[in-house]
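**Q** model this:
(chains A, B, C and D)
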Protein chains: 2
Amino acid sequence: MPTQPDAVDPRVARTRDAVVAAVRDLVRTAGIEAVTHQRVAEAAGVGRASVYRHWPDRTHLLLDALADLPADPSERPPSGDPVADVVAELTRLQRILNDSPFVPQLAALLSQAEADGEVLALQQRLLTQGTARLRAAVELGVRHGCFPAGVDPGTVVALVAGPLFYRRLLAKEPITDELVTTVVERLVVPGNGPVPAVGERAVPGG
Amino acid sequence: MPTQPDAVDPRVARTRDAVVAAVRDLVRTAGIEAVTHQRVAEAAGVGRASVYRHWPDRTHLLLDALADLPADPSERPPSGDPVADVVAELTRLQRILNDSPFVPQLAALLSQAEADGEVLALQQRLLTQGTARLRAAVELGVRHGCFPAGVDPGTVVALVAGPLFYRRLLAKEPITDELVTTVVERLVVPGNGPVPAVGERAVPGG
DNA sequence: TAGGTTGCGAGACGATTTGTCTCAGAGATG
DNA sequence: CATCTCTGAGACAAATCGTCTCGCAACCTA
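**A** Numbering: from 1, shown residues only, chains lettered A, B, ... in the order given. Down below sits the predicted model:
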């Protein structure tokens, strides 16, 4: 009978944190292959039985470690200007994707989702919640006429977010300001809203 | 001393083909995790020792199985019209990505590439050769003024190919003609070239 | 067709890994 | 302080890994 619903034995929290951190580390440095109860236990400085106790199989080990999107300290409420909000969201995505530890986790997640239903569900949930604000800004922009009408918002999201993921996941290059700028420039209906500079207007023209 | 440099013992070819097919099957149906010398041997109907003989480790097993991009029967030489060529390439990419067996392989490749240098090299090579014609069309289009000037061709490639990969790899939805059309519409400099309808340009009669 | 070569499947083998279990002790709770 | 509960250590069987050997059949060459 727990005195408080949220009360967690500090020992449990300790092992949990150590293990999750170790799994993330392993995914980043040695690939998803390396995630094994044994190796995780060693890396976390934790008994092997303790790992089995809390995570009966690899999937749950990965689920817990990949479940959190990296927190973004610079989150701001939507400004109401669709273009500015899309730029803000893309810049946020740029920062997250350029942050190196995240990419191997993402790749592992995608790969694992292809074969594991539970991981697939997690991946879809993360994608939905990660692109929620981008989608909101896009829908607003379509209504305001800043973005082309008659196009499925989901298509627009793919249109603007896709290039960033491509750069980082496929081409394995950092996402430049130029890419973000170009993506938005290409999207905005001409004459229907200036494209604000990303940071300091990265590329002045040529 | 082989009489001919290309002469391959039929027995070797037989096991090789069976094993490569089995690995592809395993990646598709059970995930990259399932790719084990043992399971591959069983699935291929081949002795375990034979698998070890030709593929000393998992990496080489995966390399050989993932090395080939799916052949595209409808490859046509570039028409010289940049817009038409970009559409043709994107349609080709659309077909390849919508072909389900390929996506799990791709996801596995990306994930593995994060931790394995050899796989990374292969992935980069495949990407380069897979987007070569798209890049050529893009560069031509930039020179002709159909596409915005002053933009890095690599950026443009990310711009048009990214959304397709996003749709399939992240959103896990099939790539619609609408997406392809919108991607190209958004790219072409207004008034500098009509966007051909995707449906009409795709496989004739198909 | 005959003879030497070579890859094959089968399986033995020790080492390692996996998943489960027990147990004593440290740490948390009240 | 007394009572739980989680932990680390390690035992244990089962499964897997990587290597090896062997006899056989398929292959190539003459």
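**Q** Show the pLDDT at the residue nearest to A:Ala108 when sequence neighbours are not counted.
**A** Distances taken as Cβ to Cβ, 6 or more residues apart in numbering or on different chains put A:Ile32 closest to A:Ala108, at 4.0 Å, once the chain neighbours are dropped. Any C-beta I mention is one placed from the backbone N, CA and C, and that applies to glycine too. For A:Ile32, the pLDDT comes out at 83.
**Q** Same check on A:Ala113?
**A** Here, the pLDDT recorded for A:Ala113 equals 90.
**Q** Now for it: which residues touch it?
**A** Shown in contact with A:Ala113 (Cβ atoms under 8 Å, 6 or more residues apart in numbering or on different chains): A:Val119, A:Leu120, A:Leu122, A:Gln123, A:Gln124, B:Ala107, B:Lys172.
**Q** Got the domain ranges for chain A?
**A** With domains defined by automatic domain parsing, chain A comprises A:10-66, A:82-187.
**Q** Can you give me the end-to-end span of the last one?
**A** Going back to what we said before, that points to domain A:82-187. Length of domain A:82-187, first residue to last, Cα to Cα, to the nearest Å: 12 Å.
**Q** Report whether that domain contacts DNA strand C.
**A** No - Domain A:82-187 does not reach DNA strand C (Cβ under 7 Å from any atom of the strand); its nearest approach is 14.1 Å.
**Q** Contact partners for the residue nearest to A:Ala108?
**A** So A:Ile32 contacts A:Leu62, A:Pro104, A:Ala108, A:Ser111, A:Gln112, B:Ser111, B:Ala115 (Cβ under 8 Å, 6+ apart).
**Q** Try it again at 10 Å.
**A** Neighbour list for A:Ile32: A:23, A:26, A:58, A:62, A:65-66, A:104-105, A:107-109, A:111-112, B:32-33, B:108, B:111-112, B:114-115 [criterion: Cβ atoms under 10 Å, 6 or more residues apart in numbering or on different chains].
**Q** roughly how far apart are A:Ala30 and DNA strand C?
**A** Between A:Ala30 and DNA strand C the distance is 13 Å, computed by Cβ to the nearest atom of the strand, to the nearest Å.
**Q** Which residue, neighbours along the chain excluded, lies closest to that residue?
**A** Distances taken as Cβ to Cβ, 6+ apart put B:Ala115 closest to A:Ala30, at 5.9 Å, once the chain neighbours are dropped.
**Q** any residue of the helix or strand containing A:Glu139 up close to chain B?
**A** Element membership for A:Glu139 (DSSP states H and E) is helix A:132-144. No - using Cβ under 10 Å from any Cβ of the partner chain, helix A:132-144 stays clear of chain B, coming no nearer than 11.4 Å.
**Q** Counting by contacts, list what whatever helix or strand comes next after that helix packs against.
**A** Using DSSP H and E, the helix or strand that follows helix A:132-144 in sequence is helix A:153-165. Judged by 3 or more Cβ pairs under 10 Å, 6 or more residues apart in numbering or on different chains; DSSP states H and E, helix A:153-165 is in contact with helix A:82-98, helix A:102-113, helix A:117-130, helix A:132-144, helix A:177-187, helix B:153-165, helix B:177-187.
**Q** ok, A:Ser50 - how many residues close by?
**A** Residues within reach of A:Ser50, counting by other Cβ atoms under 10 Å in any protein chain shown, total 18.
**Q** quick one: contacts for it?
**A** A:Arg11, A:Val12, A:Thr15, A:Arg16, A:Ala18, A:Val19, A:His37, A:Ala41, A:Ala44 are the contacts of A:Ser50 under Cβ under 10 Å, 6+ apart.
**Q** Just the ones of these in helices?
**A** Mapping the contacts of A:Ser50 onto helices (DSSP state H) picks out A:Arg11, A:Val12, A:Thr15, A:Arg16, A:Ala18, A:Val19, A:His37, A:Ala41, A:Ala44.
**Q** what's the most distant pair in those?
**A** Greatest spatial distance among the ones in helices among the contacts of A:Ser50 (Cβ to Cβ): A:Arg11 and A:His37, at 18.7 Å.
**Q** buried sites along stretch A:110-125?
**A** For stretch A:110-125, the neighbour count (16 or more other Cβ atoms under 10 Å in any protein chain shown) marks A:Leu110, A:Ser111, A:Gln112, A:Ala113, A:Glu114, A:Ala115, A:Asp116, A:Val119, A:Leu120, A:Leu122, A:Gln123 as buried.
**Q** The fifth one touches B:Leu109, doesn't it?
**A** No - in this structure, A:Glu114 is not within contact of B:Leu109 by Cβ atoms under 10 Å, at 11.3 Å.
**Q** Identify the contacts common to the two.
**A** B:Val27, B:Ile32.
**Q** Tell me where the model's unsure across chain A.
**A** Applying pLDDT under 70 to chain A flags residues A:1-6, A:73, A:190-206.
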